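[1] I'd like to go over a predicted model; first the sequence, then the structure.
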Amino acid sequence: MLIHFNQAKLQQFDELARKIIQNPEQYLQFDSVSDFYQAAWLDLFPKGTTWAATGLDDGATEFYAIIQFQQHYIKIKSLSEISVTFGISNT
């Protein structure tokens with residue numbers, strides 16, 4: 001039973017990650033790191049998901065973030081263009 005619950009949480013993470021990858025402009029419009037941390041869609045990830053972001057403050061135009069649940073993660077880079085990558089770590 002516990003395995004099924006964990007699988008459901010991983011699936012929840014993966015589905016939201018896929019939505020972000022497919023429509024980054026819908027999710028990734030920030031003027032500051034504070035805007036990222038206040039994004040309502042972060043609460044749609046399963047409980048236990050962690051995230052961190054850097055950039056954008058003090059006039060910076062670059063933005064980096066990582067959102068992770070267990071070994072599943074997405075990395076977000078906003079330089080001249082936005083790139084979002086999904087991965088599963090081995091550790």
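    Sure, I can see it.

[2] model confidence over the helix of greatest length in the chain, on average?
    For the chain, the helix with the greatest residue count under DSSP state H is helix 2-22. For helix 2-22, the mean pLDDT works out to 92.

[3] strands of the chain, start to end?
    If DSSP state E is used as the criterion, the strands of the chain fall at 50-55, 63-69, 72-78, 82-88.

[4] now those in a markdown table, with mean pLDDT, distance to residue 30 and mean neighbour count?
    Quick note: C-beta positions are derived from backbone N, CA and C, even for glycine. Below are the strands of the chain laid out as a markdown table (pLDDT from 0 to 100; distance: least, C-beta to C-beta, whole Å; neighbours: other C-beta atoms under 10 Å):
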| stretch | mean pLDDT | distance to residue 30 | mean neighbour count |
| --- | --- | --- | --- |
| strand 50-55 | 90 | 8 | 15 |
| strand 63-69 | 94 | 6 | 19 |
| strand 72-78 | 94 | 8 | 18 |
| strand 82-88 | 93 | 10 | 14 |
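
[5] contacting residues for the residue most central in space within the chain?
    The geometric centre of the chain, computed from its C-alpha atoms, lies nearest to residue 67 (C-alpha atoms, centre = their mean), at 3.8 Å. By C-beta atoms under 8 Å, 6 or more residues apart in numbering, residue 67 lies in contact with 17, 42, 45, 49, 50, 51, 73, 74, 76.

[6] the closest residue to the fourth one other than its chain neighbours bridge partners, please.
    For residue 49, the nearest residue in space outside its immediate sequence neighbours is residue 69; the separation is 4.3 Å by C-beta to C-beta, 6 or more residues apart in numbering. Note on residue 69: beta-bridge partners by DSSP bridges are residue 72.

[7] distance between the ends of stretch 46-54?
    Distance across stretch 46-54, first residue to last, is 22 Å (C-alpha to C-alpha, to the nearest Å).
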